[in-house]
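Undergrad: A predicted structure for the sequence below; I have some questions about it.
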Amino acid sequence: MHAEQVTESVDRERDRTPLRWYVRLVLRYAGRGPYLEVAGDGRLLSRLAEYGPASGVASSPETAARVRTEAPGCPVLPLAEVPSGSFRCVVAMNALGRTDDPERDRSDVREWRRVLVPGGRAVVLVPDAAGRGARLAGDLEAGARAAGRDHADWLRLFAEAGLSVHREGSDGLSRGPYGRIPTWLDLRTLPARVQQRLGSLFLDPGEGENSVFVLERPG
């Protein structure tokens with residue numbers, strides 16, 4: 001097998017591992033659908049559809065076409081067109097924090113609240129600018145992190161948007177490498193690997209790259 005093929009195979013497996021974890025988090029903390037996945041590329045959506053009705057959100061026709069290719073048979077539509085109170089779970093992995101505009105993120109979260117049934121939950125992963133992963137990245141990225149939001153900032157944003165926190169934690173040191181040690185040999189990544197293998201959320205906020213929240217629309 002050529003080196004390029006080996007690298008491609010490793011990359012695919014690295015992608016599959018968090019996808020499996022995301023699905024298990026959703027099943028553990030939100031149960032079975034109907035699900036609404038936002039800002040995904042269709043791969044997670046197709047996996048969620050194995051456990052209940054699942055729809056996707058896309059901001060453009062081009063994005064919608066790509067999502068439908070990955071998740072055939074799943075409805076894909078703009079967030080503003082999603083009927084109110086029609087989903088038991090919103091799944092949002094890396095959907096927020098893409099800009100420096102907190103009002104845009106707050107508006108999106110309000111939309112999630114709108115489409116959730118009372119008591120429905122959102123499983124959300126967002127970047128933690130003050131997490132251990134960001135600190136280990138070093139001073140070269142300090143300027144980029146300055147404009148980011150930390151765990152406490154996200155807590156305030158979710159509260160302002162009308163969602164309560166059912167559970168909160170971290171993905172752990174899930175990327176790597178952190179320095180010269182290969183990721184698979186770095187014992188600091190072991191807690192993240194265990195958490196993913198168990199399909200749970202037990203690492204404390206601030207221990208990794210991203211914050212993870214299970215949010216709930218009050219009944």
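TA: Structure's in. What do you need?
Undergrad: just give me the longest strand of this structure.
TA: strand 116-127 (DSSP state E).
Undergrad: so which other helices or strands are in contact with that one?
TA: Here strand 116-127 touches helix 3-30, strand 87-93, strand 210-216, going by 3 or more CB pairs under 8 Å, 6 or more residues apart in numbering; DSSP states H and E. No exception for glycine: its C-beta is placed from N, CA and C like everyone else's.
Undergrad: can you flag the weakest of those by average pLDDT?
TA: With a mean of 69, helix 3-30 has the lowest mean pLDDT of the helices and strands packed on strand 116-127.
Undergrad: check which element follows that helix along the chain.
TA: strand 35-38 (DSSP states H and E).
Undergrad: buried set for the helix or strand just after that following strand?
TA: Downstream of strand 35-38, the first helix or strand assigned by DSSP H and E is helix 43-48. By 16 or more other CB atoms under 10 Å, the buried positions in helix 43-48 come out as 44-48.
Undergrad: next one: the longest strand of the chain to chain centre, how far?
TA: Distance of strand 116-127 from its chain centroid, counting by CA atoms, centre = their mean, to the nearest Å, is 10 Å.
Undergrad: between it and strand 210-216, how many degrees?
TA: For strand 116-127 against strand 210-216, the angle by axes from the mean of the first three to the mean of the last three CA atoms, to 10 degrees is 170 degrees.
Undergrad: what sits up against strand 116-127?
TA: 22, 25-26, 29-30, 85-97, 109, 112, 148-149, 154, 163, 166, 171, 209-219 (CB atoms under 8 Å, 6 or more residues apart in numbering).
Undergrad: so what strands line up beside it?
TA: Sheet pairing of strand 116-127 (DSSP bridges) gives strand 87-93 (parallel), strand 210-216 (antiparallel).
Undergrad: dump the last one to CSV, restricted to CA.
TA: In other words, strand 210-216. C-alpha atoms of strand 210-216 as CSV (Å, rounded to 0.1, in the frame of the first residue of the first chain):
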residue,chain,number,x,y,z
ASN,A,210,-13.8,22.0,22.8
SER,A,211,-16.6,22.4,25.2
VAL,A,212,-19.5,20.0,25.0
PHE,A,213,-23.0,20.9,26.2
VAL,A,214,-26.3,19.1,26.4
LEU,A,215,-28.8,21.9,26.4
GLU,A,216,-32.6,21.7,27.1
